[in-house]
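1. here are the coordinates; sequence isn't available:
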């Protein structure tokens with residue numbers, strides 16, 4: 001049995017976060033690591049860095065499961081995610097579950113239909129398209145790739161940045177269809193300045209990697225020879 005630290009930054013979706021935590025089902029030992037974003041003026045990437053470090057270093061967890069505050073787990077999600085993670089090659093440093101929102105909504109007509117999903121079992125399926133609303137890492141990620149870039153303020157593109165750095169350093173990140181969950185999305189209230197901040201993060205990403213996600217042209221941050229993808 002493994003120990004899992006479930007990292008959940010909470011901004012203002014208090015009802016959703018309670019439902020998220022209540023939906024946890026696993027045979028493993030686990031503990032919630034709640035990060036009070038509602039009273040902390042810090043980027044989402046900083047919350048992820050703090051939560052992952054707390055889970056793996058302070059709480060001695062085997063895995064950090066980082067989630068949004070607006071998801072619901074299927075009963076099999078976490079156990080299948082752990083098993084898939086343990087069976088993957090050494091070069092896979094990050095594995096996410098699979099958001100099945102459309103299927104759940106169309107089939108059951110309600111988000112709570114995710115609780116009725118049959119267990120697909122562990123199949124070894126893997127696609128290099130991680131979903132950062134529900135992802136798992138262990139203590140290899142930060143030493144090999146570095147932490148999430150906290151210059152993305154308050155959020156957006158920090159996940160693309162991490163995925164790019166993982167790939168540039170010769171590793172992989174992906175998702176498994178064996179671990180299903182429901183992600184409501186857009187439940188966090190956005191400030192009026194959201195679009196301006198989104199554009200600012202987009203511009204920062206382009207300046208750092210020479211293009212939008214999947215269109216990057218640089219191999220090092222800002223195309224500088226004295227930098228490494230392991231650095232912010």
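-> Great, that's in hand. Please read all numbers here as calculations on a predicted model, not as lab measurements.
2. residue contacts, the spatially closest residue to residue 168 that is not a sequence neighbour?
-> Excluding its sequence neighbours, the residue lying closest to residue 168 (CB to CB, 6 or more residues apart in numbering) is residue 229, at 4.1 Å. Where C-beta positions appear, they are placed from N, C-alpha and C, glycine not excepted. Residues in contact with residue 229, defined by CB atoms under 8 Å, 6 or more residues apart in numbering, are 145-146, 164-165, 168-169, 219-221.
3. Buried ones among those residues?
-> The neighbour-count test (16 or more other CB atoms under 10 Å) applied to the contacts of residue 229 identifies 145-146, 164-165, 168, 220-221 as buried.
4. Out of those residues, name the two that are farthest from one another.
-> 145 and 220 (13.7 Å; CB to CB).
5. Show me what the helix ranked longest in the chain is packed up against.
-> In the chain, taking DSSP state H as the definition, the longest helix is helix 194-209. Helices and strands touching helix 194-209, by 3 or more CB pairs under 8 Å, 6 or more residues apart in numbering; DSSP states H and E, are helix 158-168.
6. OK, contacts around the most centrally placed residue in the chain?
-> For the chain, the residue nearest the mean C-alpha position is residue 132 (2.9 Å; CA atoms, centre = their mean). Applying CB under 8 Å, 6+ apart to residue 132 gives the contacts 66, 96, 159, 162.
7. can we see that at 10 Å?
-> 44, 48, 66-68, 94, 96, 148, 158-160, 162-163, 173, 175 (CB atoms under 10 Å, 6 or more residues apart in numbering).
8. so which of the residues you listed comes closest to residue 15?
-> residue 68 (13.7 Å).
9. quick one: the closest one and residue 17 touch, right?
-> Yes: the pair residue 68 / residue 17 is scored as a contact, 9.0 Å apart, by CB atoms under 10 Å.
10. circling back: now for residue 145 and residue 220: what residues contact both?
-> With CB under 10 Å, 6+ apart as the test, residue 145 and residue 220 both reach 168, 229-230.
11. Out of those residues, which comes closest to residue 127?
-> Distances from residue 127 to the shared contacts of residue 145 and residue 220, taken by CB to CB, are shortest for residue 168, at 19.3 Å.
12. Near the residue nearest to residue 73 when sequence neighbours are not counted, how many other residues are there?
-> Leaving aside its sequence neighbours, residue 73 sits nearest to residue 23 (CB to CB, 6+ apart; 4.5 Å). With neighbours defined by other CB atoms under 10 Å, the count for residue 23 comes to 20.
13. Report the distance from stretch 124-138 to the chain centre.
-> How far stretch 124-138 lies from its chain's middle: 8 Å, per CA atoms, centre = their mean, to the nearest Å.
14. The longest strand that the chain contains - contacts with which helices or strands?
-> The longest strand of the chain (DSSP state E) is strand 172-183. Packing partners of strand 172-183 (3 or more CB pairs under 10 Å, 6 or more residues apart in numbering; DSSP states H and E): strand 71-73, helix 77-87, strand 92-99, helix 101-108, strand 134-137, helix 158-168.
15. export those to CSV and tack on mean pLDDT and distance to residue 1?
-> Listed next are the helices and strands packed on strand 172-183 as CSV, based on pLDDT from 0 to 100; distance: least, CB to CB, whole Å:
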stretch, mean pLDDT, distance to residue 1
strand 71-73, 98, 18
helix 77-87, 97, 10
strand 92-99, 98, 19
helix 101-108, 95, 29
strand 134-137, 98, 16
helix 158-168, 98, 28
